[in-house]
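Asks: Sequence and predicted structure, then a few things I'm wondering about:
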Amino acid sequence: MPHSIDSLDSRSSYDPDDDLDVAQEEWEESLNQLVQVVSLVLFPYLGKWLGRRCSYWAYARYLKFGLGKSFLLGQQPLPSAAN
């Protein structure tokens, strides 16, 4: 017994909101993957670079001033003689 066209239309209706929901889910998944790449790859390399840069600066400062007040505060100007 063949089905009528009306019964087919009621069963399979196209909803444009379904496409939007699928597109939104794909966008969120792509964004989540991008966040994971940044946190697992980019942040460690950035931390490594900043750590090395900071340690080279600290070592050069240690060689120049030693480990005293001048290491933390910099070279203090000599007090001038009072007249």
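Replies: Right, received. Where do you want to start?
Asks: Nearest spatial neighbour of Tyr65, chain-adjacent residues omitted?
Replies: Heads up, residue 65 is Phe, not Tyr. Excluding its sequence neighbours, the residue lying closest to Phe65 (C-beta to C-beta, 6 or more residues apart in numbering) is Phe71, at 4.8 Å. C-beta coordinates here come from the backbone N, C-alpha and C atoms, glycine included.
Asks: Assess the claim that the one you found and Tyr59 are in contact.
Replies: No. Counting by C-beta atoms under 8 Å, Phe71 sits too far from Tyr59 to count as a contact (11.1 Å).
Asks: Give me the residue at the spatial middle of the chain.
Replies: The centre of the chain sits closest to Val38, judged by C-alpha atoms, centre = their mean, with a distance of 5.4 Å.
Asks: ok so, going back, between Phe71 and Tyr59, tell me which one has more neighbours.
Replies: Phe71 (13 against 10; other C-beta atoms under 10 Å).
Asks: who touches the residue nearest to Phe65 in this structure?
Replies: Arg61, Tyr62, Phe65 (C-beta atoms under 8 Å, 6 or more residues apart in numbering).
Asks: Just the ones in helices from the residues you listed, please.
Replies: Arg61, Tyr62, Phe65 (DSSP state H).
Asks: Many thanks, we can stop here.
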